[in-house]
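**Student:** Sequence and predicted structure are below.
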Amino acid sequence: MTEQQGFVLWMTGLSGAGKTTIALEMLDQLAERDLRLERLDGDVVRESLTRDLGFSKEDREKNIERVTFVAKLLSRNGVGCICSFISPYQSIRDDVRSKTTNFLEVFIDAPLDVVIDRDVKGMYKKALAGEIKNFTGISDPFEAPGSPDIHVRTDKQTVEESAAFIIGELEKRGLIPVAEPA
Ligand SMILES: Nc1ncnc2c1ncn2[C@@H]1O[C@H](COP(=O)(O)OP(=O)(O)O)[C@@H](O)[C@H]1O
Ligand SMILES: [Mg+2]
């Protein structure tokens with residue numbers, strides 16, 4: 001049986017695309033396995049490690065820069081990092097790739113009209129009304145990955161399917177051992 005490797009599973013996508021939901025579902029599906037995993041999530045780090053930062057391009061860069069530092073230390077020490085950040089700029093995601101071990105770019109993809117419909121936190125309504133500046137997809141750019149390592153469509157796949165698909169991709173790449181049949 002191959003040993004688990006350190007890796008950085010980097011989920012990028014619009015707000016409400018399903019990054020956090022899928023990350024939590026993955027941890028649920030992996031709970032019975034003896035793996036070293038950490039979750040790094042935009043909303044969580046913005047309340048702690050990067051609570052001083054806003055959403056300008058410069059602050060978004062700093063946010064990811066600090067997270068990258070953490071992911072670098074963890075991934076080189078054999079920990080699998082499940083990261084969920086809007087991270088709208090391709091150059092910044094490429095930078096994370098260059099600094100971390102076994103980086104995989106995962107596009108959590110849902111069309112803008114779908115995430116506007118979901119409007120999990122009521123933010124799109126405010127952004128569309130002009131009440132929030134620098135809102136990704138509305139008043140700020142989102143550079144969709146041109147060639148993501150993994151691509152899931154959350155308007156077409158269920159949460160469970162997306163999580164299982166990504167776990168399968170980790171197994172296929174030898175980053176986690178293949179699950180033993182129950
Ligand atoms: N197939 C799906 N995959 C992921 N999330 C989905 C799906 N269908 C509906 N949702 C819902 O979409 C929302 C996604 O929110 P969230 O995970 O917080 O997004 P993000 O972290 O990308 O901002 C949740 O309310 C989730 O229940
Ligand atoms: Mg989230």
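**Tutor:** Structure received. Residues are numbered from 1 along each chain as shown. Ligands and ions are numbered 1, 2, ... in the order given.
**Student:** Give me the neighbour count for S147.
**Tutor:** Neighbour count of S147, defined by other CB atoms under 10 Å: 7. For glycine as for every other residue, the C-beta is placed from the backbone atoms N, C-alpha and C.
**Student:** same check, this time on W10
**Tutor:** By other CB under 10 Å, the residues close to W10 number 30.
**Student:** Do the helix or strand where it lies and ligand 2 come into contact?
**Tutor:** According to DSSP states H and E, W10 maps onto strand 7-12. No - in terms of CB under 5 Å from the ion, no part of strand 7-12 sits within range of ligand 2; the closest distance is 8.8 Å.
**Student:** Next up, the contacts around the closest residue to F85 other than its chain neighbours.
**Tutor:** Leaving out its chain neighbours, the residue that sits closest to F85 by CB to CB, 6 or more residues apart in numbering is G42, at 4.5 Å. Shown in contact with G42 (CB atoms under 8 Å, 6 or more residues apart in numbering): K19, T20, N63, S84, F85, I86.
**Student:** Pull the most distant pair out of the residues you listed.
**Tutor:** Using CB to CB, the contacts of G42 span at most 15.6 Å, a distance reached by T20 and N63.
**Student:** more neighbours, these two?
**Tutor:** Neighbour count, other CB under 10 Å: between T20 and N63, N63 has more, with 23 against 19.
**Student:** Identify the spatial nearest neighbour of that one, chain neighbours not counted.
**Tutor:** Leaving out its chain neighbours, the residue that sits closest to N63 by CB to CB, 6+ apart is T50, at 4.7 Å.
**Student:** before we move on, back to that, nearest to ligand 2 among the contacts of G42?
**Tutor:** For the contacts of G42, the residue nearest ligand 2 by CB to the ion is T20; the value is 3.2 Å.
**Student:** Please enumerate the strands of the chain.
**Tutor:** Here the chain has its strands, by DSSP state E, at 7-12, 37-41, 80-84, 103-109, 150-153.
**Student:** Perfect, I'm done here.
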